[in-house]
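Peer 1: Sequence first, predicted coordinates after that:
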Amino acid sequence: MGCAGLQGSFDPADDAALTMFVAAAAAEVNFRSFHCDYALARRLGRGAFGAVYSATRSAGRERQSVAVKVVDTGVRSSSGRNKGLDRKRLYCAVKEAAVLRSLPTSDHVVQFRGFYSDGPFTYIVMERCASGL
């Protein structure tokens, strides 16, 4: 999905607009640590916007295998220090999560499981498919 289709008059530099967008598009954002609920395993793939990992839900009674897209939304200095958030990347990650959440339940559509914002990273948790195409 990525953010290639970014359209409209939204300005990611506008704090109020970003806050409203995050609240409206991803009302179920978890701001607690992703790592409290899930344990990442091996990397399944990588793209321009992030990497997808296999993960296991470690919180709760049920151990559930999921796929997690990890997006680095942080801005780094030349020395590697975190300087804040890249608002456009955060917007794109939230938009992708909102689109996934809005898809109908079907055997032919990967199901959205959750969205976490944890420091400079966002995590889009999805159903893990048993096999490829």
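Peer 2: That came through, no problem. Residues are numbered from 1 along each chain as shown.
Peer 1: In three-state terms, how would Arg113 be classified?
Peer 2: strand (DSSP: H, G, I helix; E, B strand; the rest coil).
Peer 1: residues contacting it?
Peer 2: With contact taken as CB atoms under 8 Å, 6 or more residues apart in numbering, Arg113 is in contact with Val66, Val125, Met126, Glu127. (Each C-beta comes from the backbone N, C-alpha and C, glycine too.)
Peer 1: and of these, the nearest to Asp72?
Peer 2: Val125 (16.5 Å; CB to CB).
Peer 1: On the three-state scheme, that closest one is what?
Peer 2: With three-state DSSP as the criterion, Val125 reads strand.
Peer 1: wait, it sits on Val52?
Peer 2: No. Using CB atoms under 8 Å, Val125 makes no contact with Val52, being 10.8 Å away.
Peer 1: of the two, who's got more company?
Peer 2: Val125 (24 against 17; other CB atoms under 10 Å).
Peer 1: re the thing from before, which two from the contacts of Arg113 end up farthest apart in space?
Peer 2: Pairwise over the contacts of Arg113, using CB to CB, the maximum falls at Val125 and Glu127, 8.8 Å.
Peer 1: Need the residues touching each of those two.
Peer 2: Val66, Ala67, Phe112, Arg113.
Peer 1: What strands flank the helix or strand encompassing the first one, and is each parallel or antiparallel?
Peer 2: Element membership of Val66 [criterion: DSSP states H and E] is strand 65-72. Strand 65-72 has the following sheet partners, assigned by DSSP bridges: strand 51-57 (antiparallel), strand 121-127 (antiparallel).
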